[in-house]
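Engineer: Predicted structure and sequence below. I'll ask about it afterward.
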Amino acid sequence: KSKGKKMAKAATKEQKLSAVLGAGIMGGGIAYQSAVKGTPVIMKDINREALDLGLKEAAKILGKGMQKGKVDATKMATTLNAITPTLDYNTLKDADLVIEAVVENPKVKASVLKETEQTVADDAIICSNTSTISIDTLAQSLDKPERFCGMHFFNPVHRMPLVEIIRGEKTSDDTINAVVAATLKMGKTPIVVNDCPGFLVNRVLFPYFAGFSKLVLDGADFAQVDKVMEKIFGWPMGPAYLLDVVGMDTANHASDVMAEGFPERMSKLTNDPVTLMYNDERYGQKNGKGFYEYG
Ligand code: NAD
């Protein structure tokens, strides 16, 4: 009985201070989401300009909310005040949940996670927002892998409801419970999944993108495919537009990972339009040109 009580207490331990490592598209979005739902957050980067951009993005989302009458001046001020930008690791020492969202590079992530573990308290939880790197591989850089799991948000963070919580081989139940609670507090819907290439969403999405690429290689017009999927089939956006949102750099890398992980289901296509566009620096909405052009 007392064991049950203890577990319940551990599971409901509330996050008081979060930290996000990396103030890019995802880190900035995660910091905003934490702040707007009432958990103060430290936003750490190695680059002052990235911190400024992260804060600017949060202010932009709040500004749009104000225009729609959903956010008032007080909410805007308290949310922005709840985000503390920093270049200094030491400020992480009081955080109870740290979400790593630095560049998708296993070596950089491993060193960032190691340094984080040396800074935070023994019972702090550490997560990674990686899209493609195995959670078990990243866990090897930590002394206490039981306090580590994946926490995979989707872009744009403030609009996408889902968060995939990825359980590594050594992740403890207490860690999963605490991250589920933190996700709910951020106003998001968690699902707990095992560690595998693509987790759940990208495992479904990338074979779909590969099917679309093959159709284009067979002569289909990408804009017509989008029109069919959107206007007639009824999805909110077609595959070409969605690839522009995801970004050709991200999509190209993720499709390599998926093709390697599931060769029987998805092989890398020769002349895949996604790869050709990536090589041509057509990254999608992030640089204004992909399948479509953005002004
Ligand atoms: P980004 O390039 O926009 O931002 C990365 C940030 O990390 C940059 O500001 C960079 O200065 C910072 N950084 C680099 N090294 C650092 C370090 N040592 N310490 C602190 N900050 C450091 O990248 P992003 O698109 O936000 O992606 C971040 C992570 O989120 C990646 O793992 C990516 O796979 C994942 N992800 C991205 C998306 C997406 O659609 N962009 C979706 C889900 C998950």
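Structural biologist: The structure has been received and is ready for your questions.
Engineer: buried stuff in stretch 116-136?
Structural biologist: For stretch 116-136, the neighbour count (16 or more other Cβ atoms under 10 Å) marks 116-117, 119-120, 124-136 as buried. Heads up, the C-betas are built off the backbone N, CA and C, glycines and all.
Engineer: Show me the subset of the residues you listed that also lies near the ligand.
Structural biologist: Asn129, Thr130, Ser131 (Cβ under 6 Å from any ligand atom).
Engineer: Present those residues as a markdown table; the columns should include secondary structure and pLDDT.
Structural biologist: Compiled in a markdown table, these are given as follows (DSSP: H, G, I helix; E, B strand; the rest coil; pLDDT from 0 to 100):
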| residue | secondary structure | pLDDT |
| --- | --- | --- |
| Asn129 | coil | 98 |
| Thr130 | coil | 97 |
| Ser131 | coil | 94 |
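Engineer: of all the residues in the stretch 151-295 of the chain, which ones are close to the ligand?
Structural biologist: Residues of the stretch 151-295 of the chain that fall close to the ligand, judged by Cβ under 6 Å from any ligand atom: Phe153, Phe154, Asn155, Val246, Thr250.
Engineer: Give the buried subset of those as a PyMOL selection command.
Structural biologist: Buried members of those, defined by 16+ other Cβ under 10 Å, are picked up in PyMOL with:
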select buried, resi 153+154+155+246+250
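Engineer: Which ones among the residues of the stretch 151-295 of the chain next to the ligand map onto helices?
Structural biologist: The helices, defined by DSSP state H, take in Val246, Thr250 from those.
Engineer: Could you let me know which of the residues of the stretch 151-295 of the chain next to the ligand ends up closest to the ligand?
Structural biologist: The shortest gap between the ligand and any of these belongs to Asn155, at 3.4 Å (Cβ to the nearest ligand atom).
Engineer: Excluding chain neighbours, give the residue nearest to that closest one in space.
Structural biologist: Spatial nearest neighbour of Asn155, chain neighbours left out: Ile25 (6.0 Å); criterion: Cβ to Cβ, 6 or more residues apart in numbering.
Engineer: ok, now which ones touch the one you found?
Structural biologist: Residues in contact with Ile25 (Cβ atoms under 8 Å, 6 or more residues apart in numbering) are Asn155, Pro156, Lys286.
Engineer: That concludes my questions; thank you for your assistance.
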